[in-house]
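Asks: Only the shape, not the letters, is given here:
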């Protein structure tokens, strides 16, 4: 097992290097290709992908981190659209695509077709987040995709559970399924809120014992998603996926109230989670690649499967998924979103197209279909299980290829030249600092420190305009100077919010800029002797 783990870690590093030399290939595709190559060369190199263990080990910590780092303001602003995508679109996909699959392949029963459609309904947030680093997507589209990816795993898995139960038993109650669906979803949200608050209280209790240790706090952070997921799924029988996402958001919002939150802890926490997420992301796609050759081999040698027709079915199912997604988003933008009603039609069509092409399927889909049992409750083999696995693998690969090679062709169209986020932040800083200078001149009478601070702001603006983002900090030798610095930081936050209300800077930039200023305030507050 140690050798396997070592090989997988080397492969993760190798995939990153290859992606650097071949930028057109996304990291997930490279990692899937490496995993498939290992499985072909060394057939005994296999890792059993138990769906429950997979969700606990990989998906839970990644979604907790993403929930913790998510732009809450943007998600809340698009809460209606996100719910329509993560909940209503999943249900529509299960029903409509399920009927299409049943019509295309009559040998797949309607309940089994619904189960396959449910497995294909969640988009892969991990893949999209990795691809978004190389593709210039509009921020509104990106935030919608991120919010959808954080929530639709739960709705897809719950839908799959009920559809699979109907396929196994031959009975289905729409009323019972609907009630159970909302109970599991709402229960997951409540479980995440309650359990995370309990863990935060536990963290504070540890500190009250004098154990103010960064290592202990980071370890507790890492254990949090596993604890919450397992308790939610095994004890409370609710959605563990929704629980860890909500827990991540609660932790992020509550972290401001934790007394020991300082710059060092923030840095160690972010670096630790960054490395952990990097490894887990790589392991996910390499493990997916390890599964593919065996699934494809079994399907191609299955006497009852026509290989050419199966490939055509994969393309038609993918087309159905993307078309439904496109029409859904277009309808949502044209008639449901008040912010989009004033936009031109071309902008709406373009945003709907980008959102549709970003709907890549991935590891959660594969883990879900692999959980289909080999036999029915009466002991007979599960009908067309091999074909269902093959169709799932085909859709995963097709959507990954579309997102890698076709999406960038449309994503770069009509995108403003100002795509460098650092450049956007620098321009926002210049605007905020210029407004802060005017505010200080009008509202503060202390000429000694204000003149010093204004000179520093002007120096920083000059540096940024020259393209130099590095600048020296002003002297913080006395408490008096620190007090005036704190006043200035608060003025910056006020100006940031005012400029956001006046639409002079976008919401995401305002969020991250205010967050950086608050981190500076935390750093100052952590200095001994200053409060």
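Replies: Yes, it's here. Quantities reported herein were computed from a predicted structural model and do not represent experimental measurements.
Asks: where in the stretch 51-200 of the chain is pLDDT low?
Replies: Applying pLDDT under 70 to the stretch 51-200 of the chain flags the ranges 125-136.
Asks: Tell me which stretches of it form helices.
Replies: Counting by DSSP state H, counting those that start in this stretch, the segments of the stretch 51-200 of the chain that form helices are 51-54, 60-69, 72-77, 79-83, 89-104, 110-120, 125-131, 139-169, 174-208.
Asks: wait, which of the ones you listed is closest to residue 294?
Replies: Evaluated over those, closeness to residue 294 peaks at helix 51-54, with 16.4 Å, by Cβ to Cβ. Backbone N, C-alpha and C define where each C-beta goes, glycine included.
Asks: Need the helices of the stretch 51-200 of the chain in a markdown table (columns: distance to residue 501 and mean neighbour count).
Replies: Converted to a markdown table, the helices of the stretch 51-200 of the chain look like this (distance: least, Cβ to Cβ, whole Å; neighbours: other Cβ atoms under 10 Å):
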| stretch | distance to residue 501 | mean neighbour count |
| --- | --- | --- |
| helix 51-54 | 44 | 16 |
| helix 60-69 | 25 | 24 |
| helix 72-77 | 12 | 16 |
| helix 79-83 | 19 | 17 |
| helix 89-104 | 32 | 19 |
| helix 110-120 | 41 | 27 |
| helix 125-131 | 29 | 23 |
| helix 139-169 | 18 | 23 |
| helix 174-208 | 29 | 16 |
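Asks: and residue 267, which of those is closest to it?
Replies: Nearest to residue 267, of all the helices of the stretch 51-200 of the chain, is helix 60-69, at 14.3 Å by Cβ to Cβ.
Asks: Just list what the closest one packs against, helices and strands only.
Replies: helix 125-131, helix 139-169, helix 214-230, helix 240-254, helix 263-301 (3 or more Cβ pairs under 8 Å, 6 or more residues apart in numbering; DSSP states H and E).
Asks: tell me which residues of the longest one are tucked away?
Replies: Just to be clear, that refers to helix 263-301. 265, 269, 272-273, 277, 280-293, 295-296, 299 (16 or more other Cβ atoms under 10 Å).
Asks: What angle do helix 214-230 and that helix make with each other?
Replies: Interaxial angle, helix 263-301 versus helix 214-230 (axes from the mean of the first three to the mean of the last three Cα atoms, to 10 degrees): 40 degrees.
Asks: what is the orientation angle of helix 263-301 with helix 60-69?
Replies: With the same axes, to 10 degrees applied, the angle from helix 263-301 to helix 60-69 works out at 130 degrees.
Asks: Report the rounded mean pLDDT for helix 263-301.
Replies: Averaged over helix 263-301, pLDDT sits at 84.
Asks: Ok, the fourth one next?
Replies: Averaging the model's pLDDT scores along helix 240-254 yields 88.
Asks: Now do it against helix 60-69, angle only.
Replies: For helix 240-254 against helix 60-69, the angle by the same axes, to 10 degrees is 40 degrees.
Asks: Residues in contact with helix 240-254: which ones?
Replies: For helix 240-254, the external contacting residues (Cβ atoms under 8 Å, 6 or more residues apart in numbering) are 55-56, 59-61, 63-70, 72, 150-151, 153-154, 157, 185, 188-189, 191-193, 195-197, 199-200, 221, 224-225, 228-230, 232-233.
Asks: hmm, back to that, closest to residue 361 out of the helices of the stretch 51-200 of the chain?
Replies: Closest approach to residue 361 among the helices of the stretch 51-200 of the chain (Cβ to Cβ): helix 110-120, 5.9 Å.
Asks: what's the angle between that closest one and helix 139-169?
Replies: Using the same axes, to 10 degrees: helix 110-120 against helix 139-169 is 150 degrees.
Asks: what distance separates helix 110-120 from the middle of the whole chain?
Replies: Distance of helix 110-120 from the chain centroid (Cα atoms, centre = their mean, to the nearest Å) equals 24 Å.
Asks: Residue 503 in helix, strand or coil?
Replies: State at residue 503, reduced to three classes by DSSP: H, G, I helix; E, B strand; the rest coil: coil.
Asks: how close does it sit to residue 509?
Replies: In this view, residue 503 and residue 509 are 12 Å apart by Cβ to Cβ, to the nearest Å.
Asks: do the same with residue 316
Replies: In this view, residue 316 and residue 509 are 42 Å apart by Cβ to Cβ.
Asks: neighbour count winner among those two?
Replies: Remark: of residue 316 and residue 509, residue 509 carries more neighbours, 19 against 14, as counted by other Cβ atoms under 10 Å.
Asks: Just the local confidence number for the more buried one, please.
Replies: Reported pLDDT for residue 509: 72.
Asks: what sits up against stretch 357-364?
Replies: Contacts of stretch 357-364 (Cβ under 8 Å, 6+ apart): 28, 54-55, 58-59, 120, 122-124, 126-128, 131, 137, 141, 145, 153, 156-157, 284-285, 287-288, 321-322, 325, 392, 395-396, 399-400, 402-403, 406-407, 410.
Asks: Off-centre distance for it?
Replies: On Cα atoms, centre = their mean, the centre of stretch 357-364 falls 12 Å from the chain's centre.
Asks: Please apply the same query to stretch 179-199.
Replies: With Cα atoms, centre = their mean, you get 19 Å for stretch 179-199.
Asks: ok, residues contacting it?
Replies: For stretch 179-199, contacts defined as Cβ under 8 Å, 6+ apart pick out 87, 154-155, 158-159, 162, 220, 224, 227-228, 231-232, 236-247, 250-251, 254.
Asks: Distance check, the residue nearest to residue 71 when sequence neighbours are not counted against residue 505.
Replies: Distances taken as Cβ to Cβ, 6 or more residues apart in numbering place residue 511 nearest to residue 71, at 5.2 Å, with adjacent residues excluded. Going from residue 511 to residue 505 by Cβ to Cβ gives 10 Å.
Asks: So for the two, which sits in the more crowded spot?
Replies: Higher neighbour count among residue 511 and residue 505: residue 505, with 20 against 16, using other Cβ under 10 Å.
Asks: wait, doesn't the more buried one sit right on residue 426?
Replies: No. Contact criterion Cβ atoms under 8 Å: residue 505 and residue 426 do not qualify, at 11.7 Å.
Asks: Just the buried residues out of the contacts of stretch 179-199, in PyMOL syntax.
Replies: Remark: buried members of the contacts of stretch 179-199, expressed as a PyMOL selection using 16+ other Cβ under 10 Å:
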select buried, resi 87+154+155+158+159+162+224+227+228+231+232+236+238+239+240+241+242+243+244+245+246+247+250+251
